[in-house]
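> no sequence on hand, only this structure:
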């Protein structure tokens, strides 16, 4: 539905569709007459990302994401503010230090503009004529002293030296998946375009080398510092272990511990053997003493010897017990040994007495028994003495084992500490070696290089003037068409018969066209006659009331606003009914006659109380049928003719197609329906002829021009 309306509206406003884009294109063409020339310059940098090395002879393979990340880092360094500022400072120093204008460095327009931008007072402070390097140092010094000065502002917004303007013009892209970066720059000066790229490349390479050198230097310094700390820890732990081994006389802890254990076992075995021999000798002595107890004196001596022997045995037992814990019985041990010595002396005296007796018992010489007793006694004492020495030696070994046993855990802990410190030291030493190798690799092998150097472009870029003009015409055309489409879609007027019926719910019985000019032409008049005939035919059919014709047909015609021209409709109805042979009279609720329609014989204030009998006919028709038409001006400002509406046969509402159906229209329609009992019929006037065609079908007139606000006869 909207498509046909849009096309009609575009054709109708053809002059606007053509004029507005033409005006817009002409304006853009005029405004771009002084368009600056733009020069492009390019260069290519080989980054060597795929050939990067961690150390000498140690290559690494980079995956896709790592390589992309590395490329992004390099591009970020190139487009960094520090890199751009370093290049622009050198560019400004180059331009300011010129002794005279050089077109190979800067064109005349930009040279004169720079002279006006940097005053002479500032030039005297920062410019060293003919020496760009010295000028660069002076600019840096001045910027550090006056960070908000006039010179610093130059690096913010100047098109040739400003950081942000230059950053907007730099384009850096990786060439496919290679190690190449294509960098382009644009400027209104060919020489500045080339030198800007060249200085940017130099600043980038310097910045990249400094960053790599700083990274490796930091790594080397870190590993050297950590190596010193780890070396000192290793040395301290080794000294502690050495002192511990020396103070405890440890040659081989595990072998020494094993030897002490074996020696202790051997001493226990020898102690057991000595005890067994002493017990055997003691038993033999008892037998000999029994044999020597024959005489009274000998018996006494023998008894005395037995007592002395038992006393020595008990005393030695106590001595052995004391030797186990000799520290607690030091004095008692000495006294006990002296007592044992005294007992030995007493035994010697008793034995001497036995030797003086020269007799035998049971045929055995006494001296033989005594000799045998002395031998056994000596053997027994020898074993007891040896047992005493073995016990003392075993106690000494036990003390040594008790003192030596805890040293193993401490020695193990110290050895472990030395091992950990040694591993840490070796690991840091390995990291230091790798860092040194990496530093040598970075310093000696320059991976990145400039493949395609920038050059002064020979010609400017093709201007965008024609493109802008074409784009402006296209935008203008879209704007006009878009406005027409929006107007059609958002149009809330009654517009045509179908829209009016949809919005109001009433039947449209006729549509009258509008035209531009005072008088309609022949074709438009023919279209108006078609609308008149349609209106009269609808009324005649309505008045017949399905074969029950009305003799007196009462018709009410009303409007909401004065612009609806309902008086014209009353006049048309009257004239056309008369021409069709009917008796008709038209009345208008106004103060004077309008277009041949009589004024009602009543004041407008009492319009609500008027009856149809107050509107007489001058004559009657031949068939007895008459038509009385009463028209009412804008009911939003007049009293509502309730009596006439109540008894009317037909009610017609006249509306202008160019206006919207508002709340007042709906309210009046509700009042008419309530009073009359049926929906009124609608007549649209000032309808676009293109829309009339939709209502009548083929019509003899089609107009695409503007409208006036007059009803046609």
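Now that the structure is in, tell me what you want to look at. Quick caveat: nothing in here was measured; it's all calculated off a predicted structure.

> how many other residues sit next to the residue lying closest to residue 679 once chain neighbours are set aside?
Distance criterion CB to CB, 6 or more residues apart in numbering; nearest residue to residue 679, sequence neighbours excluded, is residue 506 at 5.4 Å. In short, each C-beta sits where N, CA and C put it, glycine included. By the criterion of other CB atoms under 10 Å, residue 506 has 18 neighbours.

> you'd agree residue 506 is up against residue 680?
Yes - with contact defined as CB atoms under 8 Å, residue 506 reaches residue 680; the gap is 6.0 Å.

> what touches both of these two?
653, 669 (CB atoms under 8 Å, 6 or more residues apart in numbering).

> longest helix of this protein?
Determined from DSSP state H, the single longest helix within the chain is helix 190-247.

> and that one, what does it pack onto?
With contacts defined as 3 or more CB pairs under 8 Å, 6 or more residues apart in numbering; DSSP states H and E, the packing partners of helix 190-247 are strand 39-46, helix 64-78, helix 81-96, strand 180-187, helix 407-444.

> please redo it, this time with the cut-off set to 6 Å
strand 39-46, helix 81-96, strand 180-187, helix 407-444 (3 or more CB pairs under 6 Å, 6 or more residues apart in numbering; DSSP states H and E).

> buried residues, the helix or strand containing residue 487. List them.
Residue 487 belongs to helix 465-490 when elements are defined using DSSP states H and E. Across helix 465-490, burial judged by 16 or more other CB atoms under 10 Å covers 468-469, 472-473, 476-477, 480-481, 484-485, 488.

> likewise stretch 27-38?
Result for stretch 27-38 [16+ other CB under 10 Å]: buried residues 28, 38.

> who's in contact with that stretch?
Defining contact as CB atoms under 6 Å, 6 or more residues apart in numbering, one finds that stretch 27-38 is touched by 186, 188, 460-461, 463, 465, 468-469, 472.

> tell me the mean pLDDT for it?
Average pLDDT, stretch 27-38: 76.

> next structured bit after the one helix or strand residue 312 maps to?
According to DSSP H and E, residue 312 maps onto helix 296-324. On the C-terminal side of helix 296-324, the closest following helix or strand by DSSP H and E is helix 330-356.

> and that next one, what does it pack against?
Packed against helix 330-356 by the contact rule (3+ CB pairs under 6 Å, 6+ apart) you find helix 296-324.

> for the helix it packs on, packing partners?
helix 330-356, helix 366-404.

> hey, least reliable of the ones you listed by pLDDT?
Taking the mean pLDDT of these, helix 366-404 comes last: a mean of 62.

> can you pull out the residues in contact with stretch 477-493?
Under CB under 6 Å, 6+ apart, the answer for stretch 477-493 is 2, 5-6, 9-10, 16-17, 20-21, 658-660.

> give me that answer again for 7 Å
Stretch 477-493 is contacted by residues 2, 5-6, 9-10, 13, 16-17, 20-21, 657-660 when judged by CB atoms under 7 Å, 6 or more residues apart in numbering.

> circling back to that earlier point, for the helix holding residue 312, buried residues please.
298, 301-302, 305, 308-309, 311-312, 315-316, 318-320, 322-323.

> picking up where we left off before, please verify my assumption that the residue nearest to residue 679 contacts residue 682.
Yes - shown here, residue 506 and residue 682 form a contact pair, counting by CB atoms under 7 Å, at 4.4 Å.

> any residues in contact with both of these two?
The contact lists of residue 506 and residue 682 share residue 653, where a contact means CB under 7 Å, 6+ apart.

> nearest residue to residue 208 other than its sequence neighbours?
Nearest one to residue 208, counting by CB to CB, 6+ apart, is residue 77 at 6.0 Å.

> how many residues are close by the one you found?
Count around residue 77 with other CB under 10 Å applied: 15.

> quick one, what contacts it?
Here residue 77 is in contact with 83, 204, 207-208 (CB under 7 Å, 6+ apart).

> if we use 8 Å, what do you get?
83, 204, 207-208, 211.

> and for residue 497?
508, 511, 684, 687, 691, 694-695.

> quick check, nearest of those residues to residue 498?
Residue 498 lies nearest to residue 694 out of the contacts of residue 497, by CB to CB, at 6.9 Å.

> now the nearest residue to residue 332 once chain neighbours are set aside: how far from residue 226?
Excluding its sequence neighbours, the residue lying closest to residue 332 (CB to CB, 6+ apart) is residue 322, at 5.8 Å. Separation of residue 322 from residue 226 (CB to CB, to the nearest Å): 61 Å.

> same check on residue 100?
Taking CB to CB, one finds residue 100 at 59 Å from residue 226.

> looking at these two, which one has more neighbours?
residue 226 (17 against 5).

> excluding chain neighbours, give the residue nearest to the more buried one in space.
residue 428 (4.9 Å).

> so which bits of the helix or strand residue 113 falls within are buried?
Element membership of residue 113, judged by DSSP H and E, is helix 108-117. By 16+ other CB under 10 Å, the buried positions in helix 108-117 come out as 110-111, 114.

> tell me the one of these nearest residue 532?
residue 110 (78.3 Å).

> contacting residues for the closest one?
Applying CB under 8 Å, 6+ apart, the residues near residue 110 are 160, 188-189, 192.

> try it again with 6 Å
residue 189.

> distance check, it against residue 46.
32 Å.

> now do residue 475
The value you get for residue 475 to residue 46, if CB to CB is used, is 44 Å.

> repeat for residue 138
Taken as CB to CB, the span from residue 138 to residue 46 is 35 Å.

> next: residue 315.
105 Å.

> try residue 193
22 Å.

> those two: who's more crowded?
Legend: neighbour count by other CB under 10 Å for residue 193 and residue 46, higher for residue 193 (25 against 16).

> wait, that one touches residue 187, no?
Yes - with contacts counted by CB atoms under 6 Å, residue 193 reaches residue 187, the gap being 4.0 Å.

> shared neighbours of those two, anything?
With CB under 6 Å, 6+ apart, residue 193 and residue 187 have common neighbours residue 39.

> how about residue 130, what does it touch?
Contacts of residue 130 (CB under 6 Å, 6+ apart): residue 99.

> for it, phi and psi?
phi 80, psi 0 (degrees, to the nearest 10).

> ok so, going back, of the contacts of residue 77, closest to residue 614?
Nearest to residue 614 among these, with distances taken as CB to CB, is residue 83, at 99.1 Å.

> quick one: contacts for the residue nearest to that closest one when sequence neighbours are not counted?
Nearest residue to residue 83, sequence neighbours excluded (CB to CB, 6+ apart): residue 203, at 4.8 Å. Going by CB under 6 Å, 6+ apart, residue 203 touches 83, 86-87.

> closest to residue 499 out of those?
Distances from residue 499 to these, taken as CB to CB, are shortest for residue 83 (66.7 Å).

> can you give me the neighbour number for the closest one?
23.

> how confident was the prediction at it?
pLDDT, residue 83: 91.

> pretty sure it contacts residue 207?
Yes - Residue 83 lies in contact with residue 207 (CB under 6 Å); the separation is 5.3 Å.
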